[in-house]
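A.B. asks: structure, please.
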Amino acid sequence: DAAEPAEAADPTPPAPPQIPDEPQASTPPPAPNVPGEPLTIPAQSPDGQADFLNGHYRAGAGIQDKNTGKPLRLEYQFKDGKGDVIVRKANGINCTGPVSAAMQGGSLAINSQGQAACSDGSSYEMPQIDCRQGARSIADCTGVYEDKKFPISMRQTGE
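C.D. replies: Now for the predicted structure:
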């Protein structure tokens, strides 16, 4: 009795296409290694050392190497208002320089104490960063590089 086996009916019907609740264009997917909480400036922070800034921070996107146009990553490490900035270049070269952070009249100033020295022997001029209390207490920061100003975000990292 050589009966042909009947086509096995698939017990699961095909899934309908997934339709997102809202257009994806408005919210880009999170980047890998998303930094943590945005920098906040405590209300009534006194002038002087920015002691609240202890920890690791990453400066937001949009910073580019003016020689190559490639993106740079700025990471800051602070303790008691002093610390270091680490510039991570696209080619793997890292540059490090001293920075200080102080409150003045309700604004947080992050100042480089000189150029960042790079592992390839070059050096890097660092932006000055000025932050004010913004909406929802998240710091509204501006980077100043030579004579150009640009918005910059500062987020805590888990490192």
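A.B. asks: just the C-alpha atoms of stretch 122-137, please, in PDB.
C.D. replies: Output of stretch 122-137 as PDB, limited to C-alpha atoms (Å, rounded to 0.1, in the frame of the first residue of the first chain):
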ATOM      1  CA  SER A 122      50.900  64.400  19.000                       C
ATOM      2  CA  SER A 123      48.900  66.700  21.200                       C
ATOM      3  CA  TYR A 124      45.300  67.900  21.200                       C
ATOM      4  CA  GLU A 125      43.700  71.200  22.100                       C
ATOM      5  CA  MET A 126      40.700  70.400  24.400                       C
ATOM      6  CA  PRO A 127      37.400  72.300  24.400                       C
ATOM      7  CA  GLN A 128      36.300  74.300  27.400                       C
ATOM      8  CA  ILE A 129      32.800  73.100  28.600                       C
ATOM      9  CA  ASP A 130      30.300  75.300  30.300                       C
ATOM     10  CA  CYS A 131      27.200  73.800  31.800                       C
ATOM     11  CA  ARG A 132      24.100  75.500  33.300                       C
ATOM     12  CA  GLN A 133      21.100  74.000  34.900                       C
ATOM     13  CA  GLY A 134      18.700  73.100  32.100                       C
ATOM     14  CA  ALA A 135      15.200  71.800  31.800                       C
ATOM     15  CA  ARG A 136      14.300  68.900  34.200                       C
ATOM     16  CA  SER A 137      17.600  69.700  36.100                       C
END
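A.B. asks: how distant is it from the center of its chain?
C.D. replies: Distance of stretch 122-137 from the chain centroid (C-alpha atoms, centre = their mean, to the nearest Å) equals 11 Å.
A.B. asks: residues in contact with stretch 117-128?
C.D. replies: Contacts to stretch 117-128, defined as C-beta atoms under 8 Å, 6 or more residues apart in numbering, come from residues 63, 74, 85, 87, 89, 93-97, 99, 109-112, 115-116, 143-146, 152. Any C-beta I mention is one placed from the backbone N, CA and C, and that applies to glycine too.
A.B. asks: what's near enough to touch G97?
C.D. replies: By C-beta under 8 Å, 6+ apart, G97 lies in contact with 84-85, 87, 112-117, 124, 126.
A.B. asks: need the max-distance pair from the residues you listed.
C.D. replies: Maximum pairwise distance in the contacts of G97, criterion C-beta to C-beta, is 14.3 Å, between V87 and Q113.
A.B. asks: for the two, indicate the residue with more neighbours.
C.D. replies: With neighbours defined as other C-beta atoms under 10 Å, V87 and Q113 compare such that V87 has more, 21 against 14.
A.B. asks: having no further points to raise, I will conclude here.
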